[in-house]
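Visitor: fold the following for me, if possible:
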Amino acid sequence: MTEYGRSPGSEPWHPTDPLYGDQGWEGQQQYPQQAQQYGHQDPYGQQQVYADGMYQQQPQDYGAQQYGEQQYGNPGGYDTPGYPAQQYDTTWETGQAAMPYNAPPADPYGGQDPDLYGTPEAYPPPQPPGRRQVPPQPVTDWEAEPQEEERHPFFTGEDAPDDERDDRGDRDDRDDRDEAPAGRRAGRDRRGGKNKNKGRKAKNGVACLVVAMVLVGGVGGVGYFGYQFWQGQFGAAPDYTGQGSGEVQVEIPKGALGYEIGNILKKNGVVKSVDAFVSAQQKNPKGQLIQAGVYTLRKEMSAESAVALMLNPMSQANFVIPEGKRNAWIYDQLDKRLDLKPGTTKEIAHKQANSLGLPDWAKNHAEVKDPLEGFLFPASYPVAKGTKPEDVLRKMVARSTAEYGKLDLDAKAKELGLDGPWELITVASLVQVEGKYKHDFDKVARVVYNRLKPGNMETVGRLEFDSTVNYLRGESTLDVGAVKDLRKIQDPYNTYRVQGMIPGPISNPGLEAVHSALNPTPGPWYYFVSINENKTVFAVTIAEHNKNVAEYEKEREKSGQ
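Guide: Here you go, the predicted structure:
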């Protein structure tokens, strides 16, 4: 028996006490004398005091020691606050209660528990170490299972059993399965173990294959991006060779530069790569920029050939409206360019005029022959095949509206005695056609305003311009006929018959003609005639004008017209 099984109190030493080790048979017989001679310190904190060959053992209350207090009073023997008064004497050396010689140990519990070791059976005679009995082992109704080897699915190739899953929600079920009898688990293992090795090998092979594929894919990816980097830094950009073949129209928008142009060309099959085009454009020694517009190019051209062709003005396929052209000419050209039936664009223009972007002041005028006349601004427009006519017309009207919007048309019209911007654009259209030459526009504009004056006695308030007769006839000729015959034509555009302003513009004026209409040169002129390109003569009276006309006829004879 050890000290843990004894009740507290002082007891005689017994040779079989394991606290003192296995000293052999002789050692156990001699140990009491050594203990008597030298004394002994209890390893559990109990001090022995020897007297007359025996020893006193200080009782140790483990319950009291755990909570840090002694059950037998003040350790110093003095009256100390917080401790109960001493009921017996204490020795000076130990501070414990003195007991009579060979007296039984004191019961620290005050007789509550009897001494269970006071019988002879509690102290059997000592036995040699070889004859000592081994304490019986606890008997259980089940056999401990041997520790299983690692069975993680990654190493075994099996699916993880339910009792090894990490899902927290399955823990209760796993605990229940762990408590199942061993025989039941063994049976389950036997049933599932038939093809275990095959499954392990197959899944291990799959795992290795996956790892290999990942490694190969990583190496391949690094190689691919490395090649791309090398190509971008040191390799030549992919490019076609030669002048290409076929024909394709490409529209380059306004403001487009190298990479944007290159993308458009690549999309249309002209060049093979954007980088090749940009590189070829940067090699242009003159530093010319590619202008916006439509270009007629060939497919699969080398980048250098494409750049050279686009820098040639003759390669541009833009639709250009010259200044002073009528809408009838524009409609006819668009039909041809877009491969449309003749008259298609004109019909669309007349039906959809108010939805093409005209300003409010240009809508719903009576007796106009064409509601878009004067609003198809003279400029260059990208018109590729397949474009809808209404889209082209909308661009032209938008350009006119933008240009006219920059000018203070309302204020200038009132200043010049006109009825709003519409009449001002009509005057500009007359100046554009009658003036012929830009350096004459300012004086021609003055003639128009002088003839529109109500008190005009030279023309009696009539404009009398041949250009208006040509417009209503749809012609362009210098000889419109005798005045007396012209006065018989009943048409609101016939200025030889009607007085004042015509219903609307008769051409699409350029900005020079518009500016001249806004700022006419002061002067008394009512007549003018252009002798040649460098000479236009103006007159105040009809007599002066007739002389100028005679000179004009002579000039025509010389030139063979």
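Visitor: in stretch 493-501, what's buried?
Guide: Residues of stretch 493-501 classed as buried: 493, 494, 495, 496, 497, 498, 501 (neighbour count, 16 or more other Cβ atoms under 10 Å). In short, each C-beta sits where N, CA and C put it, glycine included.
Visitor: contact partners of it?
Guide: The contact list for stretch 493-501, computed with Cβ atoms under 8 Å, 6 or more residues apart in numbering, reads 369, 418-419, 423, 426, 452, 460-465, 468-469, 471-472, 483, 486-492, 502-503, 506.
Visitor: that older thread, from the buried residues of stretch 493-501, pick the one nearest residue 316.
Guide: residue 493 (35.3 Å; Cβ to Cβ).
Visitor: quick one: pLDDT of that closest one?
Guide: With respect to pLDDT, residue 493 has a value of 97.
Visitor: confirm it sits in a strand?
Guide: No. Using DSSP: H, G, I helix; E, B strand; the rest coil, the assignment for residue 493 is coil, not a strand.
Visitor: neighbours around the nearest residue to it once chain neighbours are set aside, how many?
Guide: Excluding the flanking residues, the one nearest residue 493 by Cβ to Cβ, 6 or more residues apart in numbering is residue 472, at 4.2 Å. Residue 472 has 16 neighbouring residues, counting by other Cβ atoms under 10 Å.
Visitor: could you check how far residue 472 is from residue 546?
Guide: Note on residue 472: its distance to residue 546, by Cβ to Cβ, to the nearest Å, is 26 Å.
Visitor: do a quick rundown of the strands in the stretch 451-561 of the chain.
Guide: For the stretch 451-561 of the chain, applying DSSP state E, counting those that start in this stretch gives strands covering 527-532, 535-539.
Visitor: for those strands, give me a markdown table that also has mean neighbour count, distance to residue 401 and mean pLDDT.
Guide: What follows is those, written out as a markdown table (neighbours: other Cβ atoms under 10 Å; distance: least, Cβ to Cβ, whole Å; pLDDT from 0 to 100):
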| stretch | mean neighbour count | distance to residue 401 | mean pLDDT |
| --- | --- | --- | --- |
| strand 527-532 | 18 | 31 | 88 |
| strand 535-539 | 18 | 32 | 92 |
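Visitor: out of those, which comes closest to residue 443?
Guide: Closest among these, using Cβ to Cβ: strand 535-539, at 5.7 Å.
Visitor: which residues does the closest one contact?
Guide: 435-437, 440, 443, 447, 523, 525-531, 545, 547-548, 551.
Visitor: if any of those residues are buried, put those into a PyMOL selection.
Guide: Command for PyMOL, covering only those of the contacts of strand 535-539 found buried under the criterion 16+ other Cβ under 10 Å:
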select buried, resi 435+440+443+447+525+526+527+528+529+530+531+545+548
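Visitor: what about the contacts of strand 535-539, which are in helices?
Guide: Using DSSP state H, the members of the contacts of strand 535-539 that fall within helices are 435, 443, 447, 545, 547, 548, 551.
Visitor: quick check, nearest of those to residue 349?
Guide: residue 435 (26.4 Å).
Visitor: so how far is residue 548 from the closest residue to the closest one other than its chain neighbours?
Guide: Excluding its sequence neighbours, the residue lying closest to residue 435 (Cβ to Cβ, 6+ apart) is residue 444, at 4.0 Å. To residue 548, residue 444 is 14 Å away according to Cβ to Cβ.
Visitor: so is residue 215 in a helix, a strand, or just coil?
Guide: Assignment for residue 215 (three-state DSSP): helix.
Visitor: I meant to write residue 307 there.
Guide: helix.
Visitor: for it, which residues are in contact?
Guide: Residue 307 neighbours (Cβ under 8 Å, 6+ apart): 277, 280, 281, 284, 290.
Visitor: quick one: which of these sit in helices?
Guide: Using DSSP H, the contacts of residue 307 in helices are 277, 280, 281.
Visitor: and which of those is nearest residue 347?
Guide: residue 277 (40.6 Å).
Visitor: how near is the closest one to residue 548?
Guide: Residue 277 is 58 Å from residue 548, by Cβ to Cβ.
Visitor: give me the number of neighbouring residues for residue 448.
Guide: Residues near residue 448, counting by other Cβ under 10 Å: 22.
Visitor: over to residue 394?
Guide: Residue 394, neighbours per other Cβ under 10 Å, totals 15.
Visitor: that one should be in a helix, yeah?
Guide: Yes. Assignment of residue 394 by three-state DSSP places it within a helix.
Visitor: if we can go back for a sec, spit out the contact partners of the residue nearest to residue 493.
Guide: 369, 489, 491, 493, 494.
Visitor: let me see the ranges of the helices in the stretch 251-400 of the chain.
Guide: 258-267, 274-282, 303-310, 327-337, 344-351, 389-405 (DSSP state H, counting those that start in this stretch).
Visitor: any chance of those in a markdown table, plus mean pLDDT?
Guide: Below are the helices of the stretch 251-400 of the chain laid out as a markdown table (pLDDT from 0 to 100):
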| stretch | mean pLDDT |
| --- | --- |
| helix 258-267 | 94 |
| helix 274-282 | 92 |
| helix 303-310 | 92 |
| helix 327-337 | 96 |
| helix 344-351 | 97 |
| helix 389-405 | 96 |
